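A.B. asks: I'll drop the sequence and a predicted model, then ask my questions.
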Amino acid sequence: MEKKYLIIGNWKMYKTPSQSTDLVNEIAQFKCPDKVKLGISPPFTNLCPISKALKNSSIVLGAQNMYCAKEGAFTGEISPQMLQDLNVHYVIIGHSERRSIFKESNALIHQKVKVAQDFQLIPILCVGETLEERQAGQEKAIVEEQISSALEGISSALVIAYEPVWAIGTGQTATPEIAQEMHGFIRNLLKEQFPKDGESIHILYGGSMKPNNAAELLRQADISGGLIGSASLVPKDFMAIAQSV
Ligand code: PEP
């Protein structure tokens, strides 16, 4: 069976709503290979204009976070119902910046994954170890704990993104061998939990994926896409990554 890819841009806290439509229109002009599904995750304020701009496009929309309740007195938060209403398909959960800067725990991340699925959003669960954890030989234990805690009672309608924290925004990409080793480990965890679908769940690599290293990473057996930060803000680089499969 031909391998399918999922490439998602994480715009983080960049671009105003008016800047975002120009950017998305530029991205939409490029030809994307048929075996690649392309998505972008802009800031919340940009979801509405981008949802309109993407109306007749095959590019799918993602959000970068959500709160784990339908609605309520949660000042400053965004609900899965609000995302659903804007045709959002994916939601990034547990990005390392959420874990480290905003102190999101594995327990909160588990709740968010669960509630995302309750609202038919596909969670993109981010996992990954810090440099200190890798140097201490704990990378697999950390990733296993992040996955097993988040996936308790969860269905297979999800995506995993392996993002070693030491590679995010640093320009220091994991080698294809290091990335594949962890992706293979994650694949086995998924197959244990989902004997029927574990083989086909997307496992994305994230961490300084760029046009010059994407092809080799995406060629690895268990890497079926990318979560792309800074390169996704440069349309020609983002598309070069998608075209490198
Ligand atoms: C990310 O933020 O998910 C990411 C992978 O960022 P970058 O590509 O800039 O390392």
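C.D. replies: On my side now, so go ahead.

A.B. asks: and the residue in the chain that the ligand sits nearest to, what does it touch?
C.D. replies: Residue nearest to the ligand within the chain (CB to the nearest ligand atom): Gly229, separated by 2.1 Å. Quick note: C-beta positions are derived from backbone N, CA and C, even for glycine. Contacts for Gly229 (CB atoms under 8 Å, 6 or more residues apart in numbering) come out as 10, 12, 168-169, 206, 208.

A.B. asks: gap between it and Met13?
C.D. replies: 11 Å (CB to CB, to the nearest Å).

A.B. asks: then Glu152?
C.D. replies: Distance check for Glu152 against Met13: by CB to CB, it reads 30 Å.

A.B. asks: by contact count, what packs against the lengthiest helix in the chain?
C.D. replies: Taking DSSP state H as the criterion, the chain has its longest helix at helix 176-193. Applying 3 or more CB pairs under 8 Å, 6 or more residues apart in numbering; DSSP states H and E, we find helix 176-193 packed against helix 139-150, strand 159-162, strand 203-206, helix 214-218.

A.B. asks: and these as a markdown table, adding mean neighbour count?
C.D. replies: Formatted as a markdown table, those follow (neighbours: other CB atoms under 10 Å):
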| stretch | mean neighbour count |
| --- | --- |
| helix 139-150 | 17 |
| strand 159-162 | 26 |
| strand 203-206 | 26 |
| helix 214-218 | 20 |
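
A.B. asks: what does the residue of the chain closest to the ligand show for phi and psi?
C.D. replies: When read as degrees, to the nearest 10, the backbone of Gly229 gives phi -90, psi -100.

A.B. asks: now Ser51: closest residue in space that isn't a chain neighbour?
C.D. replies: Leu86 (4.6 Å; CB to CB, 6 or more residues apart in numbering).

A.B. asks: so what's that neighbour up against?
C.D. replies: By CB under 8 Å, 6+ apart, the residues touching Leu86 are 47-48, 51, 61.

A.B. asks: repeat that for 6 Å
C.D. replies: 47-48, 51 (CB atoms under 6 Å, 6 or more residues apart in numbering).

A.B. asks: from those residues, list just the buried residues.
C.D. replies: The neighbour-count test (16 or more other CB atoms under 10 Å) marks 47, 51 as buried among the contacts of Leu86.

A.B. asks: so which of the contacts of Leu86 is the closest to Ile27?
C.D. replies: Ser51 (14.5 Å; CB to CB).

A.B. asks: on contacts alone, who are the packing partners of the helix or strand where the closest one lies?
C.D. replies: Here Ser51, judged by DSSP states H and E, is contained in helix 47-53. With contacts defined as 3 or more CB pairs under 6 Å, 6 or more residues apart in numbering; DSSP states H and E, helix 47-53 has these neighbours: helix 17-28.

A.B. asks: can you give the contact residues for the helix it packs on?
C.D. replies: 42, 45-46, 49-50, 53, 57, 235.

A.B. asks: so the residue in the chain sticking out farthest from the centre, which of the three states?
C.D. replies: Distance to the chain centre peaks in the chain at Ala73, reaching 27.8 Å (criterion: CA atoms, centre = their mean). Three-state call for Ala73 (DSSP: H, G, I helix; E, B strand; the rest coil): coil.

A.B. asks: what's the burial count for the nearest residue in space to Asp118 that is not next to it in sequence?
C.D. replies: Spatial nearest neighbour of Asp118, chain neighbours left out: Pro80 (7.3 Å); criterion: CB to CB, 6+ apart. When neighbours are counted by other CB atoms under 10 Å, Pro80 registers 25.

A.B. asks: around the ligand, pick out the residues from the protein.
C.D. replies: 10, 163, 168-169, 206-209, 227-231 (CB under 6 Å from any ligand atom).
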